[in-house]
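K.L.:
Here is a sequence with its predicted model. Questions after.
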Amino acid sequence: MSKQEIIICQNFKKELTEAVNAHSFDKLFILTDEHTNVQCLPLIKDMDFIKDAIQINVGPEDIHKNLETLAYVWKQLSEKGGTRHSLMINLGGGMITDLGGFAAATFKRGISYINIPTTLLSMVDAAVGGKTGINFNDLKNEIGAFCPADQVLINSEFLKTIDRRNLLSGYAEMLKHGLISNVSHWAELLKFDTYGIDYTKLQQLIGESVAIKEAVVEKDPFEKNIRKALNFGHTAGHAFESFSLHNNLPVLHGYAVAWGMVCELYLSHIRVGFPKDKLRQTIQFIKENYGKLNFTCEDYETLYNFMRHDKKNSSSGIINFTLLADVGDIRINQTATQEEIYELLDFYSETMG
Ligand SMILES: NC(=O)c1ccc[n+]([C@@H]2O[C@H](COP(=O)([O-])OP(=O)(O)OC[C@H]3O[C@@H](n4cnc5c(N)ncnc54)[C@H](O)[C@@H]3O)[C@@H](O)[C@H]2O)c1
Ligand SMILES: O=C(O)C(=O)C[C@@H](O)[C@H](O)[C@H](O)COP(=O)(O)O
Ligand SMILES: [Zn+2]
C-alpha cells in the first residue's frame with residue numbers, strides 16, 4: 001500500500017494548495033455532505049483551485065453511507081467528465097472519507113484522492129490508514145477496499161462547529177488508541193475535561209492519537225495481524241451499531257465503540273488478566289460520558305449474530321476479538337464462545353445500569 005502523507009496543519013490553505021499542486025489532474029471533484037457543505041466548504045471556497053472544482057453533495061451520516069449514495073457519487077463522476085486522471089477531495093467526517101475514499105478507489109479502477117477530515121473522529125481515525133467502504137445488508141463496512149488517500153490534512157479549526165456528541169464520538173476512538181498504546185497517554189485521556197474543552201490540549205492529544213494509528217497501519221496496512229489492535233472494542237461495538245441502525249435508531253460510531261470497549265475490557269479481564277483497577281477507571285469514564293445502549297437479553301441472539309459477521313472472523317464460525325492483558329499489551333486473535341459472549345452482555349447490562 002502506498003505511503004500516506006499526514007499533515008497536521010500549521011497553515012492550512014498553504015498546505016492544502018501544496019497538496020493539490022502535488023497532483024497533475026484534469027478535473028477536481030469535491031465531495032461534501034449537507035452539513036460540511038454549509039459548515040466547512042466556506043473555509044476553502046475562495047481558494048483558486050476550488051473555483052473550477054465540481055462539487056458532489058450527499059446526505060449526511062451513516063444512513064447515507066450506503067450503495068445508493070455511492071452510486072450517486074459514481075454517476076456524478078461519470079457524467080461530469082471524471083477520468084482516471086481526476087482528483088477527488090473528501091471534505092467531511094468519517095462517513096464522507098469512507099464513502100468518498102471507496103468511490104475514488106473504484107471509479108475507473110481508482111483515482112487519486114485527498115482527505116480533509118472535519119470531525120474529531122475522522123481526524124484521529126477514519127481519514128487515516130486507507131480503510132474505505134460502505135455499510136451493506138445492515139452490516140457495518142461490509143463492502144470496501146484498502147485504498148489510502150494520498151494526503152490527509154488535519155486542521156483542528158473545523159472542530160469549532162462540532163457538537164458535543166460528535167466530539168465525544170471521536171474521543172472514544174482516541175481512548176481506544178490510549179488503551180492499545182501506553183499508560184501515560186491513556187491516563188492523560190481519562191483526566192481530560194470533556195465539559196470545558198481545552199482546545200490547545202486537544203490538539204496535542206490529536207497529534208499523539210494520529211501517530212499511534214499511523215504507526216500501527218505502517219506495520220500492517222492490510223490487517224493481517226497487529227492492525228487488529230485498531231479494532232479493539234469493535235467486535236461488540238459494530239454489533240451495537242448495526243443493531244441500532246437496523247432498529248432505525250442509529251447511534252454514533254464512537255458511542256458504539258465506547259460501549260463495545262466496556263464488553264471487551266471485561267472479556268480482557270476474565271480471559272487475559274486486564275487489571276481490575278484500570279477496568280474500573282475506564283468503565284467509569286465511559287459511563288459518565290456516553291451513557292448506555294438499551295437492549296434486553298432477548299436481543300442477545302441478534303447481537304451475537306451481528307458479531308458473527310465481524311471481518312476478523314474466519315469461516316470456522318468462532319468470533320475473533322482483540323483483547324488487552326494490560327494497557328498497551330495487545331492480544332490479537334482471541335476467541336469467545338457464545339456462552340462467554342452472553343456473559344459479557346450480562347456484565348454490560350449490570351455495570352452500565
Ligand atoms: N475508515 C476508518 O478507519 C474508520 C475509522 C473510524 C470510523 N469510521 C467510520 O466513520 C464514520 C463516522 O464518522 P464521523 O463520526 O466523522 O461521522 P459523520 O461523518 O457522519 O459526521 C458526523 C456529523 O457531523 C457533521 N459534520 C462533519 N464535520 C462537521 C463540522 N466541521 N462542523 C459541523 N458538523 C460537521 C456531519 O455532516 C454529520 O452530520 C462511521 O461510518 C464509521 O464506521 C471509519
Ligand atoms: O483502521 C482500522 O483498522 C480500524 O479498525 C479503525 C476502526 O476505528 C474503524 O471503525 C474501522 O472502520 C473498522 O473497520 P472494520 O474492518 O471493522 O469494518
Ligand atoms: Zn472505529
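P.N.:
Good, I have the coordinates. Ligands and ions are numbered 1, 2, ... in the order given.

K.L.:
ok, and what's touching the helix or strand bottoming out on mean pLDDT in the chain?
P.N.:
When each helix and strand of the chain is scored by mean pLDDT, DSSP states H and E, helix 48-51 comes last, with a mean of 92. Defining contact as C-beta atoms under 8 Å, 6 or more residues apart in numbering, one finds that helix 48-51 is touched by 17, 20, 28, 30, 44. Yep, even glycine has a C-beta here, placed from its N, CA and C like the rest.

K.L.:
can you count the residues close to the residue nearest to the last one when sequence neighbours are not counted?
P.N.:
In this structure, residue 44 finds its nearest non-sequential neighbour in residue 50, 5.7 Å apart by C-beta to C-beta, 6 or more residues apart in numbering. Around residue 50 sit 17 other residues, with neighbours defined as other C-beta atoms under 10 Å.

K.L.:
again, but for residue 45
P.N.:
Neighbours around residue 45, by other C-beta under 10 Å: 12.

K.L.:
how far away is it from ligand 2?
P.N.:
With the distance defined as C-beta to the nearest ligand atom, to the nearest Å, residue 45 ends up 30 Å from ligand 2.

K.L.:
again, but for residue 227
P.N.:
5 Å.

K.L.:
same thing with residue 126?
P.N.:
7 Å.

K.L.:
My guess is that residue contacts residue 99. True?
P.N.:
No - here residue 126 lies out of contact with residue 99, judged by C-beta atoms under 8 Å, at a distance of 10.5 Å.

K.L.:
mind checking pLDDT for the most centrally placed residue in the chain?
P.N.:
The geometric centre of the chain, computed from its C-alpha atoms, lies nearest to residue 126 (C-alpha atoms, centre = their mean), at 3.8 Å. As predicted, residue 126 sits at a pLDDT of 98.

K.L.:
All the helices of the protein, residue numbers only.
P.N.:
12-21, 34-39, 48-51, 67-79, 94-106, 120-121, 164-180, 183-191, 199-219, 234-246, 253-272, 276-290, 300-307, 338-352 (DSSP state H).

K.L.:
Spell out which parts of the stretch 101-250 of the chain neighbour ligand 1.
P.N.:
Residues of the stretch 101-250 of the chain that fall close to ligand 1, judged by C-beta under 6 Å from any ligand atom: 118-119, 121-122, 125-126, 129, 131, 140-141, 158, 161-162, 166, 169, 173.

K.L.:
Mind checking which of the residues you listed are buried?
P.N.:
By neighbour count, with 16 or more other C-beta atoms under 10 Å, these hold 118-119, 121-122, 125-126, 129, 131, 140-141, 158, 162, 166, 169, 173 as buried.

K.L.:
Need the max-distance pair from those residues.
P.N.:
140 and 158 (24.3 Å; C-beta to C-beta).

K.L.:
returning to that earlier point: out of the contacts of helix 48-51, which one sits closest to ligand 2?
P.N.:
Minimum distance to ligand 2 across the contacts of helix 48-51 is 22.7 Å, recorded for residue 30 (C-beta to the nearest ligand atom).

K.L.:
can I assume the closest one is in contact with residue 86?
P.N.:
No - with contact defined as C-beta under 8 Å, residue 30 does not count as touching residue 86 (11.3 Å).

K.L.:
Need the pLDDT of the residue lying closest to residue 266 once chain neighbours are set aside.
P.N.:
In space, and not counting its chain neighbours, residue 266 is closest to residue 347: 4.7 Å by C-beta to C-beta, 6+ apart. In this model, residue 347 is scored at 97, pLDDT.

K.L.:
Look at residue 347 and say how many residues are nearby.
P.N.:
18.

K.L.:
Residue 143: what's it in contact with?
P.N.:
Counting by C-beta under 8 Å, 6+ apart, the residues that residue 143 touches are 67, 102, 133, 134, 136.

K.L.:
same thing but 6 Å
P.N.:
By C-beta atoms under 6 Å, 6 or more residues apart in numbering, the contact set of residue 143 is 133, 134, 136.

K.L.:
For the second one, grab the count of nearby residues.
P.N.:
Counted with other C-beta under 10 Å, residues neighbouring residue 134 total 22.

K.L.:
now swap in the last one and tell me
P.N.:
Taking other C-beta under 10 Å as the neighbour definition, residue 136 ends up with a count of 15.

K.L.:
Any idea how many residues pack against the nearest residue to it once chain neighbours are set aside?
P.N.:
Counting by C-beta to C-beta, 6+ apart, residue 136 lies nearest to residue 142, which is 4.0 Å off, once chain neighbours are set aside. If you count neighbours by other C-beta under 10 Å, residue 142 ends up with 14.

K.L.:
Then the one 4 residues further on?
P.N.:
The tally of other residues near residue 146 (other C-beta under 10 Å) stands at 17.
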